[in-house]
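>>> Provided below are the primary sequence and the corresponding predicted coordinates.
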Amino acid sequence: MTITLSPYRNRAGYRRGRVHVPFAVAALAALTVAAACGSGGEPAAPQMRLSAADASPPGLVHFSGTWGRHGAALTIDSTGHGEASWRTYEWCSPATTGPCDDLRGHEIISGGHARLTINDVRGRDATAVLSDSTDPTLVGPVTLTLGDNDDLDVTGLGRFCGPAAPVGWCGA
């Protein structure tokens, strides 16, 4: 049995679609609420209150993690430093002069790479700098924007998806 709760908030703290909660988790939540009630069935006073800081726009934590799409990945750590890799769809050969994908055994090694450093976060947007890229046209300032579907748009690199993004949202 599954109970559907709607809406819920994605990792950026913004409302989005539905979440399905297994019955056991829902039952545990109901027992927890019942245990918190006083003898008259009224809920007990809350033990934790939200501070003004909790109501602030999402910060760096909402950008950190592993993001992906067909042929590309972006990983951002909790300090705002990250690395991107992507397929160039150009196989390495003696005639190749630029970045290229390589095949080692049965594994495709992506030829596109860049480092990323987030400088500032304002709500759903972050400013960052791409550096050390195999594509010199990408080096410089970029904007990262959190979407409503657990996705992240990065200037020059496109859309990346988190684990809760809809299937196919970021490619095959």
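Yep, that arrived. Residues are numbered from 1 along each chain as shown.
>>> Now the top strand by length along the chain: buried residues?
Counting residues, the longest strand found in the chain (DSSP state E) is strand 112-122. Residues 112, 114, 116, 118, 121 are the ones in strand 112-122 that count as buried (16 or more other C-beta atoms under 10 Å). All C-beta atoms are positioned from the backbone trio N, CA, C, and that covers glycine.
>>> In JSON lines, list the residues you listed along with distance to Glu83 and pLDDT.
Putting the buried residues of strand 112-122 into JSON lines (distance: C-beta to C-beta, whole Å; pLDDT from 0 to 100) gives the following:
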{"residue": "Gly112", "distance to Glu83": "11", "pLDDT": "96"}
{"residue": "Ala114", "distance to Glu83": "7", "pLDDT": "96"}
{"residue": "Leu116", "distance to Glu83": "7", "pLDDT": "95"}
{"residue": "Ile118", "distance to Glu83": "13", "pLDDT": "93"}
{"residue": "Val121", "distance to Glu83": "19", "pLDDT": "93"}
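>>> Using TSV, please lay out the residues you listed together with distance to Glu90.
What follows is those, written out as TSV (distance: C-beta to C-beta, whole Å):
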residue	distance to Glu90
Gly112	10
Ala114	17
Leu116	22
Ile118	29
Val121	35
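>>> ok, which pair from those residues is furthest apart?
Spanning the widest gap among those are Gly112 and Val121, at 25.2 Å by C-beta to C-beta.
>>> re the thing from before, next SSE downstream of the longest strand of the chain?
strand 125-131 (DSSP states H and E).
>>> What are the buried residues along that next one?
126, 128, 130.
>>> Just the closest of the residues you listed to Pro99, please.
Nearest to Pro99 among those, with distances taken as C-beta to C-beta, is Leu130, at 14.2 Å.
>>> what's the helix or strand hosting Leu103 in contact with?
Using DSSP H and E, Leu103 maps to strand 102-104. Contacting residues not belonging to strand 102-104 are listed as 91-92, 108-109, 111 [C-beta atoms under 8 Å, 6 or more residues apart in numbering].
>>> mind listing what's buried in stretch 135-155?
Applying 16+ other C-beta under 10 Å to stretch 135-155 flags 135, 138, 142, 144-147, 149-154 as buried.
>>> And stretch 156-169, by the same measure?
Residues 156-157, 159-162, 165 are the ones in stretch 156-169 that count as buried (16+ other C-beta under 10 Å).
>>> first to last residue in stretch 126-140, what's the distance?
Terminal residues of stretch 126-140 are spaced 14 Å apart (C-alpha to C-alpha, to the nearest Å).
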